[in-house]
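> Kindly return the folded structure for what I paste below:
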Amino acid sequence: QVQLVESGGGLVQAGGSLRLSCAASGRTSSIDSMGWFRQAPGKEREFVSVISWSTTYYADSVKGRFTISRDNGKKTVYLQMNSLKPEDTAVYYCVYAAGITARPTRREVYNDWGQGTQVTVSS
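The predicted structure is shown next:
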């Protein structure tokens, strides 16, 4: 099992920025996929962004505003979120899967999920 510890959520005004971090520990693999999903109140959990080894994927709604990166030595993934909008308000969940995935937007790909961190964007 892999443990995921998220940090960096909070309250920000529209147009502002936040940076989320997620550190993985436990039974991690040398090659893996890490990233983020989010869930807003009353909505389905949705894909945000994943970095599968070195390939990055983004939801259309965040392209050009969010940037995902990773530090392989620290087994940590980051999500830099700029130009935040009220509709970005959600609980953000870190996800992990061993290996490279060809289906990064599918929830069932990820064996391990973090506890979630709240991001609130005020208008």
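> Next, count neighbours for residue 24.
22 (other Cβ atoms under 10 Å). C-beta here means a position set from N, CA and C on the backbone, and glycine is covered the same way.
> Then residue 64?
If you count neighbours by other Cβ under 10 Å, residue 64 ends up with 9.
> From one end of stretch 72-81 to the other, what's the distance?
For stretch 72-81, the first-to-last residue distance is 20 Å (Cα to Cα, to the nearest Å).
> Buried ones in it, by neighbour count?
75-79, 81 (16 or more other Cβ atoms under 10 Å).
> centroid residue for the protein?
For the chain, the residue sitting closest to the mean C-alpha position, by Cα atoms, centre = their mean, is residue 36 at 2.0 Å.
> Find the residue closest to that residue in space, skipping its chain neighbours.
Nearest residue to residue 36, sequence neighbours excluded (Cβ to Cβ, 6 or more residues apart in numbering): residue 48, at 4.3 Å.
> And residue 72, what's its pLDDT?
Looking at residue 72, its pLDDT is 89.
> How about residue 108?
So, for residue 108, pLDDT stands at 96.
> What of the one 4 residues further on?
Model confidence at residue 112, expressed as pLDDT, equals 97.
> burial count for it?
Neighbour count for residue 112, taken as other Cβ under 10 Å: 19.
> and it, bridged to which residues?
Bridge pairing for residue 112 (DSSP bridges) gives the partners residue 96.
> pretty sure the residue nearest to the centre of the chain contacts residue 67?
No - if you go by Cβ atoms under 8 Å, residue 36 and residue 67 don't touch, sitting 11.7 Å apart.
> Show me the common contact partners of these two, please.
Shared contacts of residue 36 and residue 67 (Cβ atoms under 8 Å, 6 or more residues apart in numbering): residue 79.
> Which stretches in this protein count as helices?
When assigned using DSSP state H, the chain turns out to have no helices.
> residues in contact with stretch 50-62?
Counting by Cβ under 8 Å, 6+ apart, residues outside stretch 50-62 touching it are 31-36, 46-49, 66, 68-70, 77, 81, 87-88, 95, 100-101, 104-105.
> What average pLDDT does it get?
97.
> Only alpha carbons, please: show that stretch as PDB.
Only the C-alpha atoms of stretch 50-62 are listed here, as PDB (Å, rounded to 0.1, in the frame of the first residue of the first chain):
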ATOM      1  CA  VAL A  50      -1.800  13.500 -13.900                       C
ATOM      2  CA  ILE A  51       1.900  13.000 -14.600                       C
ATOM      3  CA  SER A  52       2.600   9.500 -15.800                       C
ATOM      4  CA  TRP A  53       6.300   9.100 -15.500                       C
ATOM      5  CA  SER A  54       7.200  12.200 -17.600                       C
ATOM      6  CA  THR A  55       4.000  12.700 -19.600                       C
ATOM      7  CA  THR A  56       1.500  15.200 -18.400                       C
ATOM      8  CA  TYR A  57      -2.300  15.300 -18.800                       C
ATOM      9  CA  TYR A  58      -4.800  18.000 -18.000                       C
ATOM     10  CA  ALA A  59      -8.500  18.400 -18.000                       C
ATOM     11  CA  ASP A  60      -9.700  20.900 -20.500                       C
ATOM     12  CA  SER A  61     -11.100  23.100 -17.800                       C
ATOM     13  CA  VAL A  62      -7.600  23.700 -16.200                       C
END
